[in-house]
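**Student:** Generate coordinates for the sequence data below:
(one chain, ligands or ions: 1)
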Amino acid sequence: MDSPQLNKVFINKEEQHEEVTMNGLQLNGVSRSFGNHTVLHSMDLGVQPGEIVGFIGGNGAGKTTTMRLILGLLAADTGEITWDGRPITSADRRKIGYMPEERGLYPQMPIREQIIHFALLEGNSTKAARGIADDLIASLGLQGREKTLVQDLSLGNQQRVQLAVALVGNPNLLVLDEPFSGLDPTAVATMGSLLQEQAAQGVGVLFSSHQLDLVEKLCDRVCILDKGHVVASGSISELKRENQSRWNFCFSRSAESFAAEAELVEGVSVQLNQENRREVLVSLDHGDGDIPPNVLAAAWRLGSLRGIEPVQRSLEELLNEKYISAGRGKARETAENLETAGV
Ligand SMILES: Nc1ncnc2c1ncn2[C@@H]1O[C@H](COP(=O)(O)OP(=O)(O)OP(=O)(O)O)[C@@H](O)[C@H]1O
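**Tutor:** Prediction:
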């Protein structure tokens, strides 16, 4: 989905020095090291109210560290974290619902009791905490399971309880570390709808995931992290438009000779449609750009060109083809990183 609030997209970290996010959460130039290992390098990230931002990166890219910085569980070495344009306070942080990677539910506690426990920790009275638990149990579809121990729930329902716990403080922002991991397709769909419902109510959502199809489906924007560097950030549609590098050439007769000729052009991959040999998919091997003149000339030479349609890449293709094999400085590291992550 496209965010109407979004008016700027950034592609290369090297070209990126500002990001337009006036409301909600903003990280500006945040760095963090452990000993002499710099885990985050001058990172910028924003989450506006009501938008869902996908946080992508291989294992060890720095996603969890970023989330801990947002929550105030770790301190940044440099840079600033703001809420609504001013330095974030502990009161702002109390309005952030967090689903940590290590989860943190009590396996042997019934789920209603568990949610009440966390609601009490938020400073609610016992009566209010019970009300909050009952409301969350109803809205997350956990009715009938109030007395079930967490350890006896399916993973999907455990994640729902985890989300309930993140929601007890009626948060303005949800920060969720891999909320979809280990879920079956039904539970994934439920979790996705729950996040969309929260966003529709104005809650900003930042979640990390290695499931790129999900990120593509749910998110207004993405932030792609590679070894602590933001390598791309922006709306998915903008990201795709900015990376236009694939076209379908349609002819009114067989395009085999065009395909053969275009294949000789350096830096281009060509695929003749085997089911309709009048169509040829032409892709740039590296980066984005215009159709190479030699390819266009070959198409004109064939003399029966009916049209050229841009074909957008999926987020997964973009990552694999652009950010991994583009030959940029960190491309190889990115490839290894994402491969390790199973992306
Ligand atoms: N407390 C710590 N002390 C030392 N190093 C740490 C600490 N926390 C994280 N790191 C290191 O920081 C790097 C980033 O880790 P982080 O957990 O933020 O990555 P991630 O993107 O969340 O990875 P994953 O997808 O595997 O969860 C890793 O190299 C990790 O070993």
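**Student:** Just give the closest residue to V30, not the sequence neighbours.
**Tutor:** On the basis of CB to CB, 6 or more residues apart in numbering, the spatially nearest residue to V30 that is not a chain neighbour turns out to be G79, at 3.5 Å. To be clear about C-beta, it is placed using only N, CA and C from the backbone, and glycine gets the same treatment.
**Student:** Can you pull the residues of the stretch 51-200 of the chain lying near the ligand?
**Tutor:** Within the stretch 51-200 of the chain, the residues that sit near the ligand (CB under 6 Å from any ligand atom) are 57, 59-65, 101.
**Student:** on that earlier part again, and the strand or helix carrying the residue nearest to V30, what does it pack onto?
**Tutor:** Assigned by DSSP states H and E, G79 belongs to strand 78-83. With contacts defined as 3 or more CB pairs under 8 Å, 6 or more residues apart in numbering; DSSP states H and E, the packing partners of strand 78-83 are strand 25-34, strand 37-47.
**Student:** what's the most buried one of those strands?
**Tutor:** strand 37-47 (a mean of 21; mean count of other CB atoms under 10 Å).
**Student:** follow-up on the earlier one: what's the angle from the strand holding G79 to strand 37-47?
**Tutor:** Using axes from the mean of the first three to the mean of the last three CA atoms, to 10 degrees, the inter-axis angle of strand 78-83 relative to strand 37-47 is 30 degrees.
**Student:** Return the helix or strand in the chain with minimum mean pLDDT.
**Tutor:** Least confident helix or strand of the chain, by mean pLDDT, DSSP states H and E, is helix 331-340 with a mean of 41.
**Student:** hang on, V161 packs against R112?
**Tutor:** No - with contact defined as CB atoms under 8 Å, V161 and R112 do not form a contacting pair (9.7 Å).
**Student:** More neighbours: the two, which one.
**Tutor:** A direct count of neighbours by other CB atoms under 10 Å for V161 and R112 places V161 higher, at 25 against 20.
**Student:** Would you map out the domains in the chain?
**Tutor:** Per automatic domain parsing, the domain ranges recorded for the chain read 13-235, 245-310.
**Student:** Phi, psi for R301 please.
**Tutor:** Taking degrees, to the nearest 10, you get phi -60, psi -40 for the backbone angles of R301.
**Student:** centre of the chain versus stretch 227-244, how much separation?
**Tutor:** For stretch 227-244, the gap between its own C-alpha mean and the chain's C-alpha mean amounts to 10 Å (CA atoms, centre = their mean, to the nearest Å).
**Student:** Kindly apply the preceding question to stretch 34-42 instead.
**Tutor:** Going by CA atoms, centre = their mean, the spacing between the C-alpha centre of stretch 34-42 and its chain's C-alpha centre is 22 Å.
**Student:** mind checking pLDDT for A262?
**Tutor:** Confidence per residue is given as pLDDT, and for A262 that number is 94.
**Student:** all helices of the protein, in order?
**Tutor:** Listed in chain order, the helices of the chain (DSSP state H) span 63-71, 90-94, 111-121, 126-139, 155-167, 185-200, 212-218, 236-242, 256-263, 293-302, 315-318, 331-340.
**Student:** What residues of the longest one count as buried?
**Tutor:** Buried residues in helix 185-200, counting neighbours by 16 or more other CB atoms under 10 Å, are found at 187-188, 190-192, 194-195, 198-199.
**Student:** With the shortest one instead?
**Tutor:** Taking 16+ other CB under 10 Å as the neighbour-count basis, helix 315-318 is seen to contain the buried residues 315, 318.
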